[in-house]
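Trainee: The sequence and its predicted three-dimensional model are supplied below.
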Amino acid sequence: MNVAEIRKDFPILGREVRGKRLVYLDNAATSQKPRCVIDAIREYYETYNANVHRAIHYLGEYATAAYEEVRAKVARFINAPSERTIVWVKNTSEAINLVAYAWGRKFVGEGDEIVTSVMEHHSNLVPWQQLAKARGARLRFFRMTPDGKLDLSDLDQLFNERTKLVAITHASNVLGTINPVAEIARKAHEVGAVVLVDGAQSAPHLPVDVQALDCDFFAFSAHKMCGPMGVGVLYGKEELLEAMDPFLFGGEMIGSVSLEESTWNEIPWKFEAGTPNVADVIGFGAAIDYLQSIGMEAIQAHERELVAYAMDALEELDGMVIYGPRDERAGLIAFNYREIHPHDLSTILDQEGVAIRAGHHCAEPLARWLDVPATARASFYIYNTREDVDALVRALLRAKEFFSHVPR
Amino acid sequence: MSLDDLYREVILDHYRSPRNKRKMDDPTVVVELKNPVCGDEITLYLKLSGGVVEALSFEGKGCSISQASASMMTQAVRGKSLQEALELVERFKRMVRGELPASEADLGDLEALQGVAKFPVRVKCATLSWEALRRGLESDEGRVSGEVE
């Protein structure tokens, strides 16, 4: 994997911010976009913009074919058995909400249990809180090990005949923990529960095989994996999608309509009411081609190497606290440094051109579990280098110097 | 724009040794306010008597800007009438949003926080304690809690 060549594919990496080279370490929030993705979106609008599925004209047919081809591409990317299992949504949050409404309100009832964890992004917690309230169900939580992994030792008690759903993140956006979702799915299926995996932080960074994981739903967003904002994917097993009622009603999702009654289109279209985001789906197709030209194994190996290098460099710093497991982890590191508030750190790093994130990262219960008001987070992707890590460390030392006369 | 615009010496001094950062035993109003986006939180204790802010103190967690702003506020507002205090809140907020030049704001030491206007993402850090004060001054109840947007 040639990172120097990869960097040339990303126009934005050539710019300066505040007079400094851009060191973009906020990839867990959103990734940058390669030129091929930007070009694919422009090409769509310049040469074959038309609404899909309905038009009986050249552009409409061309756009429809291109749009549906990306669906098939996504199916292959996550090894889904059929493109019928791929539902377009606008992001991971919408995918999870779709399941919470269209599956949850139909199949979760009074006294049923939903199992999730303290490390979830709000998107994979709040919809289940709302579902539990609406249906009289109960939320239960995986136990955690002190270093921020799921403690699976009590699964035999946690999962039982009342467990209807296990909603778990594949990779934590704060701890970096990669959860053993295949093992969890196997155990959950023994009690007949459905398993939803939040793949927002995994699909961009490691090979995903939904059949090997044997999850029932898998949700992720294009924009964290070189694709445009506004496109997300819900994978669902066919029999589950078939059993669910539509979530949104309107154009495209119907079979036939009379004044009194309507029937629904087939899956996946019955979940896709209204004109979809065709241009960005096309852009997402280019992003998948791009990632596959590099190879997901190579991407994972690159990030592993970079995170190991960054962990070593950060741990050298006096007053550094790193959260999450030390071994196998996703390409991000959340930390606190010398009790300098993450906001202050982020502002000072920004002056050095280093973009990180500060806050609770939409995982407030996890911040509480860690017993910190906020953390700083550096997150990596294919175009990040050891020089980026070195720039991060230099900027942290600058922050230390700046606050050195503040005794803590 | 440089870091020194934001982190003036007087701000770092208040961050280093915040004034009036303690629980109050006999407040007439207590305001708890959180910024859910960043996790900053403040508990503001007010003793209002005869239309005057007789005393104020705070507890809380947050970045240097939020802590310094709260500390400086407790000094600036003490002894002011409710009306004067509300006007001060308004002038301060307008200054850190860049809507009112510091030279016209007449805010004394608080003018050190004018640099926040050049760092838009930090404005809410500076205004959290002031919003708590506004809610406390306008409240008829002894205890107010809430979140800023």
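Mentor: Thanks, I have it.
Trainee: going forward, measure contacts and count neighbours with C-alpha atoms only.
Mentor: Will do.
Trainee: List the contacts of the residue nearest to residue B:6 when sequence neighbours are not counted.
Mentor: Distances taken as CA to CA, 6 or more residues apart in numbering or on different chains place residue B:115 nearest to residue B:6, at 4.7 Å, with adjacent residues excluded. Counting by CA atoms under 8 Å, 6 or more residues apart in numbering or on different chains, residue B:115 makes contact with B:5, B:6, B:7, B:96.
Trainee: quick one, phi psi at residue B:115?
Mentor: Dihedral pair for residue B:115: phi -60, psi -20, per degrees, to the nearest 10.
Trainee: quick one: it from residue B:7, how far?
Mentor: Separation of residue B:115 from residue B:7 (CA to CA, to the nearest Å) stands at 8 Å.
Trainee: likewise residue B:61?
Mentor: 18 Å.
Trainee: for residue A:166, same thing?
Mentor: Distance from residue A:166 to residue B:7, by CA to CA: 47 Å.
Trainee: quick one: which of those two has more around it?
Mentor: Set side by side, residue A:166 and residue B:7 show more neighbours around residue A:166, with 27 against 21, by other CA atoms under 10 Å in any protein chain shown.
Trainee: Am I right that the more buried one is in a helix?
Mentor: No: counting by DSSP: H, G, I helix; E, B strand; the rest coil, residue A:166 is located in no helix; its state is strand.
Trainee: Please list all residues in contact with it.
Mentor: A:114, A:115, A:116, A:188, A:193, A:194, A:195, A:196.
Trainee: Phi and psi next, for the first one.
Mentor: Okay, so that is residue A:114. The phi/psi pair for residue A:114 (degrees, to the nearest 10) is phi -120, psi 120.
Trainee: returning to what we had before: just the contacts of residue A:166 now: which is nearest residue A:207?
Mentor: Nearest to residue A:207 among the contacts of residue A:166, counting by CA to CA, is residue A:196 at 17.5 Å.
Trainee: SS state for the closest one?
Mentor: strand.
Trainee: Report the spatially closest residue to whichever residue of the stretch 151-300 of chain A sits closest to chain B, excluding sequence-adjacent ones.
Mentor: For the stretch 151-300 of chain A and chain B, the shortest gap (CA to the nearest CA) falls at residue A:174, measuring 14.4 Å. Spatial nearest neighbour of residue A:174, excluding adjacent residues (CA to CA, 6+ apart): residue A:334 at 5.8 Å.
Trainee: what sits against the one you found?
Mentor: A:174, A:175, A:322, A:323, A:324, A:375, A:376, A:377, A:378.
Trainee: and those, which of them are in strands?
Mentor: A:322, A:375, A:376, A:377, A:378 (DSSP state E).
Trainee: could I get these as CSV with neighbour count and pLDDT?
Mentor: Shown next, in CSV, are the ones in strands among the contacts of residue A:334 (neighbours: other CA atoms under 10 Å in any protein chain shown; pLDDT from 0 to 100):
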residue, neighbour count, pLDDT
A:322, 19, 97
A:375, 27, 95
A:376, 24, 97
A:377, 29, 98
A:378, 24, 98
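Trainee: quick one: which of these is nearest to chain B?
Mentor: Of the ones in strands among the contacts of residue A:334, the one sitting nearest to chain B (CA to the nearest CA) turns out to be residue A:375, at 9.5 Å.
Trainee: residues from chain A in reach of chain B?
Mentor: A:340-344, A:348, A:351, A:358-360, A:373-374, A:406-408 (CA under 8 Å from any CA of the partner chain).
Trainee: these two touch, right, residue A:377 and residue A:331?
Mentor: No: using CA atoms under 8 Å, residue A:377 is not in contact with residue A:331, being 10.7 Å away.
Trainee: Any stretches of chain A with poor pLDDT?
Mentor: In the predicted model of chain A, residues A:405-408 satisfy pLDDT under 70.
Trainee: how about a cut-off of 80?
Mentor: Low-confidence segments of chain A (pLDDT under 80): A:404-408.
Trainee: how's it carved up into domains?
Mentor: Per the record, chain A has its domains at A:3-26+A:296-403, A:48-293, by automatic domain parsing.
Trainee: end to end, how far does the first one reach?
Mentor: Start-to-end span of domain A:3-26+A:296-403 (CA to CA) is 35 Å.
Trainee: quick one: it to chain centroid distance?
Mentor: 18 Å (CA atoms, centre = their mean, to the nearest Å).
Trainee: Looks like residue A:271 contacts residue A:247 (just checking).
Mentor: Yes: judged on CA under 8 Å, residue A:271 makes contact with residue A:247 at a distance of 6.2 Å.
Trainee: neighbour count winner among those two?
Mentor: Neighbour count, other CA under 10 Å: between residue A:271 and residue A:247, residue A:271 has more, with 26 against 17.
Trainee: Can you tell me the closest non-neighbouring residue to the more buried one?
Mentor: residue A:246 (5.3 Å).
Trainee: sec struct for the one you found, please.
Mentor: Quick answer, by three-state DSSP: residue A:246 is coil.
Trainee: count of residues packed around it?
Mentor: 23.
Trainee: Residue B:36 too?
Mentor: A count of neighbours around residue B:36, defined by other CA under 10 Å, yields 16.
Trainee: so what strands line up beside the helix or strand where residue A:115 lies?
Mentor: For residue A:115, the enclosing helix or strand under DSSP states H and E is strand A:113-116. Take DSSP bridges as the rule and strand A:113-116 pairs in its sheet with strand A:138-141 (parallel), strand A:163-169 (parallel).
Trainee: tell me which parts of chain B are close to chain A?
Mentor: So chain B meets chain A at B:2-3, B:12, B:15-16, B:37-40, B:61-64 (CA under 8 Å from any CA).
Trainee: And the residue in the stretch 101-250 of chain A positioned nearest to chain B, its phi and psi?
Mentor: Going by CA to the nearest CA, chain B is nearest to residue A:122 of the stretch 101-250 of chain A, at 12.1 Å. The phi/psi pair for residue A:122 (degrees, to the nearest 10) reads phi -50, psi -30.
Trainee: picking up where we left off before, helices and strands around the helix or strand following the strand holding residue A:115, which ones?
Mentor: Toward the C-terminus, strand A:113-116 is succeeded by helix A:126-135 as the next helix or strand (DSSP H and E). Contact analysis of helix A:126-135 by 3 or more CA pairs under 8 Å, 6 or more residues apart in numbering or on different chains; DSSP states H and E lists strand A:138-141 as its packing neighbours.
Trainee: could you dump the strand it packs on to CSV, C-alpha only?
Mentor: Taking C-alpha atoms only, strand A:138-141 is exported to CSV below (Å, rounded to 0.1, in the frame of the first residue of the first chain):
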residue,chain,number,x,y,z
ARG,A,138,-36.7,-3.6,28.9
LEU,A,139,-33.2,-2.4,28.0
ARG,A,140,-30.3,-4.5,29.3
PHE,A,141,-26.6,-3.9,28.9
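Trainee: how far does it sit from the chain's center?
Mentor: With CA atoms, centre = their mean as the basis, strand A:138-141 stands 22 Å off its chain's centre.
Trainee: ditto for stretch A:221-232
Mentor: On CA atoms, centre = their mean, the centre of stretch A:221-232 falls 9 Å from the chain's centre.
Trainee: quick one: contacts of it?
Mentor: Applying CA under 8 Å, 6+ apart, the contact partners of stretch A:221-232 are A:27-34, A:37, A:88-92, A:94-95, A:200-201, A:203-205, A:219-220, A:233, A:277, A:280-281, A:283-288, A:291.
Trainee: And stretch B:99-106, what's buried?
Mentor: Neighbour-count burial for stretch B:99-106 flags B:100, B:101, B:102, B:105 (criterion: 16 or more other CA atoms under 10 Å in any protein chain shown).
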